[in-house]
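Asker: Provide a 3D model corresponding to the input given below.
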Amino acid sequence: MKILLLGKNGQVGWELQRSLAPLGELIMLDARSTAYCGDLANLRGLADTVDAIRPDVIVNAAAYTAVDKAESDADMAQQVNALAVGALAVAAQRCGAWLVHYSTDYVFDGSGDTPWRETDSTAPLNVYGATKLEGERLITANCARHLIFRTSWVYAARGGNFAKTMLRLAQERDKLTVIDDQFGAPTGADLLADVTAHAIRSVMCNPQLAGLYHLAASGETTWHGYAQFVIAQAETAGIALKTTLANITPVPTSTFPTPATRPHNSRLDTQKLRAAFDLTLPDWHDGVARMLTEIL
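Answerer: Numbers count the residues shown, from 1 in each chain. Presented below is the predicted three-dimensional model:
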């Protein structure tokens, strides 16, 4: 099997390098690659790359993820999250490849308190969510063999993440204020990568499993609950902090205005994925604790 991985050095792409390697020949690209084009701003280059490599599977881990910046940079967000994805879908269909892509809970409006299902109506609140939804639709319209994984609150030990920010601030400040009215499940890039590899193996034998799936760790929390867990783990590990658990104050989203509106409900129902691929998804605490063990 020949696999083309785009976005090799992102949080998910880095983990995919590990999880996809046992499946076959892995060709890994990013925006700076020279032998082939991995730049999602170059639609013709992407199509030429697929035509030249003729992979069995394309895994697109590249995206425009600057949610607030997208509000004033909508053209580039659409180029990367939608038009480039559509170009990949057309090229994949032309050479008979599978296309694996990652999307987001931001395609929903964040209302209610029930986990979102794949069949629920979409209504993005911001440019980022709208461009990711457009990318999904271009895939389904142009490439029959596809897997789209919607996920939320992605983190990795490599690079920046919410937990690292909380740890840094807790070492600098006596008190922290953290949002407590957005709900979701912190999901590790390693989990996304491992499930992706498993799903690719499965669809090679069962092509009828193609489609859209929600993929996130089990359980739920708020950013405030997430911060409390991180600080508690750090305290247990003996890390010197100025902030104590009692001094992490919950606040509403309105306390921190941002250019892009955030959804309050980022919960994702993963029943379809778990049934299709016979999986048990770990609780979010387990993955975060493992990541903290690595970085503390």
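Asker: Show me where this protein has its helices.
Answerer: 11-20, 43-53, 74-78, 84-95, 127-142, 162-172, 189-205, 223-236, 271-277, 284-295 (DSSP state H).
Asker: who touches residue 87 in this structure?
Answerer: 43, 46-47 (C-beta atoms under 8 Å, 6 or more residues apart in numbering). (C-beta placed from N, C-alpha, C; glycine too.)
Asker: please redo it, this time with the cut-off set to 10 Å
Answerer: With C-beta atoms under 10 Å, 6 or more residues apart in numbering as the criterion, the residues that contact residue 87 are 40, 42-47, 50, 79, 138, 142.
Asker: again with residue 58
Answerer: By C-beta under 10 Å, 6+ apart, the residues touching residue 58 are 2-6, 27, 46, 49-50, 88-89, 91-92, 95, 97-101, 143, 145-146.
Asker: which non-adjacent residue is nearest residue 54?
Answerer: residue 95 (5.0 Å; C-beta to C-beta, 6 or more residues apart in numbering).
Asker: ok, back up a step: who wins for neighbours among the contacts of residue 87?
Answerer: Ranked by neighbour count under the definition other C-beta atoms under 10 Å, the contacts of residue 87 are headed by residue 46 with 27 neighbours.
Asker: Next one: the nearest residue to that one once chain neighbours are set aside relative to residue 79, how far apart?
Answerer: Excluding the flanking residues, the one nearest residue 46 by C-beta to C-beta, 6+ apart is residue 87, at 5.3 Å. Residue 87 sits 10 Å away from residue 79, going by C-beta to C-beta, to the nearest Å.
Asker: which neighbours do the two share?
Answerer: Applying C-beta under 10 Å, 6+ apart, one finds that residue 87 and residue 79 are jointly contacted by 40, 42-43.
Asker: Nearest to residue 293 among the residues you listed?
Answerer: residue 40 (33.7 Å; C-beta to C-beta).
Asker: What is the neighbour count of residue 72?
Answerer: Considering only other C-beta under 10 Å, residue 72 is surrounded by 11 other residues.
Asker: OK, contacts around it?
Answerer: 127, 259-260.
Asker: how far away is residue 113 from residue 194?
Answerer: The value you get for residue 113 to residue 194, if C-beta to C-beta is used, is 29 Å.
Asker: Which one of these two is surrounded by more residues?
Answerer: residue 194 (16 against 9).
Asker: hang on, that one packs against residue 12?
Answerer: No - counting by C-beta atoms under 10 Å, residue 194 sits too far from residue 12 to count as a contact (11.1 Å).
Asker: Can you check which residues contact both of the two?
Answerer: Common neighbours of residue 194 and residue 12 (C-beta under 10 Å, 6+ apart) are 19, 188.
Asker: can you tell me the distance between the two ends of stretch 24-40?
Answerer: Stretch 24-40 has an end-to-end distance of 24 Å (criterion: C-alpha to C-alpha, to the nearest Å).
Asker: Would you mark the buried spots in it?
Answerer: 26-31, 36-40 (16 or more other C-beta atoms under 10 Å).
Asker: Throw these into TSV and include pLDDT and distance to residue 268, thanks.
Answerer: Formatted as TSV, those follow (pLDDT from 0 to 100; distance: C-beta to C-beta, whole Å):
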residue	pLDDT	distance to residue 268
26	96	28
27	96	30
28	96	28
29	95	29
30	92	27
31	91	28
36	93	33
37	91	32
38	92	28
39	92	30
40	93	25
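Asker: where are the low-confidence patches of this protein?
Answerer: Residues of the chain meeting the criterion pLDDT under 70: none.
Asker: If we ignore the residues flanking it in sequence, what's nearest residue 122?
Answerer: In space, and not counting its chain neighbours, residue 122 is closest to residue 107: 4.6 Å by C-beta to C-beta, 6+ apart.
Asker: so that neighbour sits right up against residue 81, yeah?
Answerer: No - applying C-beta under 10 Å, one finds residue 107 not in contact with residue 81, separated by 11.0 Å.
Asker: Find the residues that touch each one of the two.
Answerer: In contact with both residue 107 and residue 81: 128-136, using C-beta under 10 Å, 6+ apart.
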